[in-house]
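J.: how would this look folded up:
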Amino acid sequence: MQTIEPGWISLLPPLLAIALAIRTRQVYLSLAAGILLGWTIVEGWNPLAGLARSLRETVGVFTSVDRTEVLLFTLAIGALIATVETSGGVQGFVKELERRNWVTTPLRARLLVFITGCVVFIESNITVLVAGSIGRPLFDRFRVSREKLAYLVDSTSAPICILIPLNAWGAYVLGILGELGVENPLGVFVASIPLNFYALAAVLLAGFVTVTGFDLGPMRRAEERTRGGQLLWEGANPMMDPETLAPEALRASANPRALNMILPIATMIVAMPLFLLVTGGGDMRQGSGSTSVLWAVLAGLACAWVLLLAQRAMTVDTLTQTGLRGAGGLVGLALVLLLALALADVAKALGTGTYVAELVAGSLSPAVFLPLVFLVGAGVSFATGTSWGTFAIMLPIAVPAAMALGLPVAPFVAAALSGGIFGDHASPISDTTIISSMASATDHIDHVRTQLPYAFIAGVLATLAFGIVGATL
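T.: Presented below is the predicted three-dimensional model:
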């Protein structure tokens, strides 16, 4: 096997996956093609050796406990969503809103999803799934496009989570800052929050869209289609059919109750920081985000079981069938995540992120260097589809550079985090983008196409803001 020096060729696998996904709308095959090309390059352009290595390395994803927990989380959240929907929890919550006349217009439906996304901030994927499950029936009823639902839940997931220190995202960033020798990592992270311009711009723009219904290009066409009574474009492939998870034959016999949704979700929200404390030995910053989020979902699922058994609404056998059906409904999503993780591995082996970062790093003034940190991070995260991987690449570059130049660290931390959030929010191979499509039951590529104009607006605003801040340093 050849030793690969990072270069332009390192960009080919993620770029191929992105281009094929957008062109063919076949996410599985696109990711697989990127993986195959990457390992073929590593194996000296030997296609047979590349194929063998691709299979071995993809299976090797399961050797990481953290990654296996993420994949199990996908199945567990499927079981939870199916249980909550089958129990009538979502239906009961919607009926309670109707009884109180809280959601009577498209505007209020959008506001409910936006507020839910901002409040449920424990982990980006849970945020997306909760807000999507609540919003999907309301958006369909009031003829608001599922693409807009996907955009709103996506824009209030990672962009909100990175602004909160005490969750899995905060614990991960604080751990990196501590390893880099930053004094008072929590203080630096808190100081970076008002400077995290992409996350702030994305959330504020989503709020503006929520209130005004502002539509751009593809989103406008999607809204016009939905108002005409057509949920999806002809030939679209929604990531999830809600009836697959909660078919009529398995619905609970009891009356729909909002409690059956609210209590399991509340259990997850409370459990997440508690499990971060437990896995961190009393220090939330040292907690395992992957373990904590899996345990939190399982705690929510256990809560749902106890409720339904106590209400005599479902039997253990029915609950088991429902959970297995729900997990099975998200096997496709688990496969996408598996392939995305495998693609991230080959990108790391080829030095994709390192090459992009080093390509532009040089002797630059803060007014140029600070927005450049954001733009490079955005390019890395868009090409690799991982925000956390981008943080691991960009923070060790930006933070030591700021220290060596005698500049405040917080703006450079903010720029690196903002760049990572851009890709998490906009890349078609990002797990959060994929899960947003699934939670909204919309075509994945349609979600990407309708969301990108808003992401680029937020990116331009963030670039200008970092330039202004850099000029003042």
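J.: so how far is Ala378 from Ala414?
T.: Ala414 is 13 Å from Ala378, where distance means CB to CB, to the nearest Å. (Glycine included, C-beta is placed from N, CA and C.)
J.: can you map out the helices along the stretch 251-400 of the chain?
T.: Here the stretch 251-400 of the chain has its helices, by DSSP state H, counting those that start in this stretch, at 259-279, 289-310, 316-329, 331-350, 352-360, 366-384, 387-404.
J.: what's the closest of these to Lys95?
T.: Closest to Lys95 of the helices of the stretch 251-400 of the chain is helix 259-279 (CB to CB; 11.1 Å).
J.: helices or strands up against the closest one?
T.: Contacting helix 259-279 under the criterion 3 or more CB pairs under 8 Å, 6 or more residues apart in numbering; DSSP states H and E are the following elements: helix 65-86, helix 89-99, helix 124-141, helix 168-179, helix 289-310.
J.: just checking, Ala191 touches Ala410?
T.: Yes - applying CB atoms under 8 Å, one finds Ala191 in contact with Ala410, separated by 3.9 Å.
J.: more neighbours, the two?
T.: Comparing Ala191 with Ala410 by neighbour count (other CB atoms under 10 Å), the higher total belongs to Ala410, at 22 against 16.
J.: and Thr63, how many neighbours?
T.: 9.
J.: and the pLDDT at it?
T.: Thr63 is assigned a pLDDT of 87 by the prediction.
J.: and the gap between it and Leu51?
T.: Thr63 is 20 Å from Leu51, by CB to CB.
J.: repeat that for Leu372.
T.: Note on Leu372: its distance to Leu51, by CB to CB, is 38 Å.
J.: between the two, which one's more packed in?
T.: Neighbours per residue, other CB under 10 Å: of Leu372 and Leu51, the larger number sits with Leu372, 23 against 15.
J.: what is the orientation angle of the longest helix along the chain with helix 331-350?
T.: Ranked by number of residues, the top helix in the chain under DSSP state H is helix 444-472. Between helix 444-472 and helix 331-350, the angle comes out at 40 degrees (axes from the mean of the first three to the mean of the last three CA atoms, to 10 degrees).
J.: counting neighbours, go ahead and name the busier of Ala414 and Ala378.
T.: Taking neighbours as other CB under 10 Å, Ala414 and Ala378 compare with Ala414 leading, 31 against 27.
J.: pull the distance from the host helix or strand of the more buried one to the chain's centre.
T.: Under the criterion of DSSP states H and E, Ala414 resides in helix 409-426. Distance of helix 409-426 from the chain centroid (CA atoms, centre = their mean, to the nearest Å) equals 14 Å.
J.: and stretch 379-391, how far from the chain's centre?
T.: Centre-to-centre, stretch 379-391 and its host chain are 12 Å apart (CA atoms, centre = their mean).
J.: just the buried positions in it, please.
T.: Of the residues in stretch 379-391, 379-391 count as buried by neighbour count, 16 or more other CB atoms under 10 Å.
J.: what is the mean pLDDT for that stretch?
T.: 77.
J.: most tightly surrounded among the helices of the stretch 251-400 of the chain?
T.: helix 366-384 (a mean of 25; mean count of other CB atoms under 10 Å).
J.: packing partners of that one?
T.: Packing partners of helix 366-384 (3+ CB pairs under 8 Å, 6+ apart): helix 12-24, helix 197-212, helix 331-350, helix 352-360, helix 387-404, helix 409-426, helix 444-472.
J.: try 6 Å this time
T.: Helices and strands in packing contact with helix 366-384 are listed as helix 352-360, helix 387-404, helix 409-426, helix 444-472; criterion 3 or more CB pairs under 6 Å, 6 or more residues apart in numbering; DSSP states H and E.
J.: what does the third one rub up against?
T.: Contacts to helix 409-426, defined as CB atoms under 6 Å, 6 or more residues apart in numbering, come from residues 158-159, 162, 188, 191-192, 195-199, 370, 373-374, 377-378, 381-382, 387, 390-391, 394-395, 398-399, 402, 430, 432, 455, 459, 462, 466, 469.
J.: so where's the stretch 151-300 of the chain shaky on pLDDT?
T.: Residue ranges of the stretch 151-300 of the chain with pLDDT under 70: 166-168, 171-172, 175, 179-180, 239-254, 285, 289.
J.: now with 80?
T.: Scanning the stretch 151-300 of the chain for pLDDT under 80 picks out the ranges 165-186, 234-256, 258, 269, 272, 276, 283-290, 292-293.
J.: now stretch 432-445: how far from the chain's centre is it?
T.: With CA atoms, centre = their mean, you get 10 Å for stretch 432-445.
J.: tell me the secondary structure for Leu163?
T.: Recorded secondary structure, Leu163: coil (DSSP: H, G, I helix; E, B strand; the rest coil).
J.: how much space separates it from Pro194?
T.: In terms of CB to CB, Leu163 sits 9 Å off from Pro194.
J.: same thing with Val469?
T.: Noted for Val469: a distance of 10 Å to Pro194, by CB to CB.
J.: between the two, which one's more packed in?
T.: Val469 (20 against 11).
J.: contact partners for that one?
T.: Pro411.
J.: still on that earlier bit, out of the helices and strands packed on helix 259-279, nearest to Met438?
T.: Within these, the stretch nearest Met438 is helix 124-141; the backing value is 7.8 Å (CB to CB).
J.: following element in sequence after the closest one, please.
T.: Using DSSP H and E, the next helix or strand after helix 124-141 towards the C-terminus is helix 146-155.
J.: figure out how far that next one is from the centre of its chain.
T.: Put simply, helix 146-155 sits 12 Å off its chain's centre (CA atoms, centre = their mean).
J.: out of the helices of the stretch 251-400 of the chain, nearest to Ala79?
T.: helix 316-329 (3.8 Å).
J.: could I get the average pLDDT for stretch 425-436?
T.: Rounded mean pLDDT across stretch 425-436 is 83.
J.: alpha carbons of that stretch, as CSV, please.
T.: What follows is stretch 425-436, C-alpha atoms only, in CSV (Å, rounded to 0.1, in the frame of the first residue of the first chain):
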residue,chain,number,x,y,z
HIS,A,425,-26.1,22.1,8.4
ALA,A,426,-25.6,22.2,4.6
SER,A,427,-23.7,19.1,3.4
PRO,A,428,-25.7,16.3,1.8
ILE,A,429,-23.5,13.7,3.5
SER,A,430,-23.9,15.2,7.0
ASP,A,431,-25.8,12.9,9.4
THR,A,432,-27.8,15.8,10.8
THR,A,433,-28.9,16.8,7.3
ILE,A,434,-29.8,13.2,6.5
ILE,A,435,-31.8,12.7,9.7
SER,A,436,-33.6,16.0,9.1
